[in-house]
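**Student:** let's see this in three dimensions:
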Amino acid sequence: MPHSIWNRETLLDITVNLVPLFILLFFTVMYAVWTPWTGEPLIYAMMHVLTVFPLLLLALLTYIAAQYL
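**Tutor:** Numbers count the residues shown, from 1 in each chain. Take a look at the predicted model:
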């Protein structure tokens, strides 16, 4: 029987990363649907960089941590 990385203990350990992931995902979707600063492409790009980049890094970190736990 192969050992799965997604056992009960691993899921409990990485749950602390799921809350920030969902918060970042919420703001990414919200800013994609509703843009508070219209007409400013630099601000729009920076707004998405500051939400999408940490979202991807945290998702990657969570997956790597789950493999090592």
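**Student:** so what's the residue sitting nearest the centre point of the chain up against?
**Tutor:** The chain has Leu55 as the residue nearest its centroid, 2.9 Å off, counting by CA atoms, centre = their mean. Counting by CB atoms under 8 Å, 6 or more residues apart in numbering, Leu55 touches 21, 24-25, 28. To be clear about C-beta, it is placed using only N, CA and C from the backbone, and glycine gets the same treatment.
**Student:** per-residue confidence at Leu12?
**Tutor:** Looking at Leu12, its pLDDT stands at 82.
**Student:** now the element after the helix or strand containing it, going C-ward?
**Tutor:** Leu12 belongs to helix 8-33 when assigned by DSSP states H and E. With elements assigned by DSSP H and E, the helix or strand that comes after helix 8-33 is helix 41-68.
**Student:** and the angle from that next one to helix 8-33?
**Tutor:** 170 degrees (axes from the mean of the first three to the mean of the last three CA atoms, to 10 degrees).
**Student:** quick one: which of the contacts of Leu55 has the most company?
**Tutor:** Sorting those by how many neighbours each has (other CB atoms under 10 Å) puts Leu24 first, at 20 neighbours.
**Student:** could you check how far the residue nearest to the centre of the chain is from Gly39?
**Tutor:** The gap separating Leu55 from Gly39 is 25 Å, by CB to CB, to the nearest Å.
**Student:** same thing with Gln67?
**Tutor:** With distances taken as CB to CB, Gln67 is found 44 Å from Gly39.
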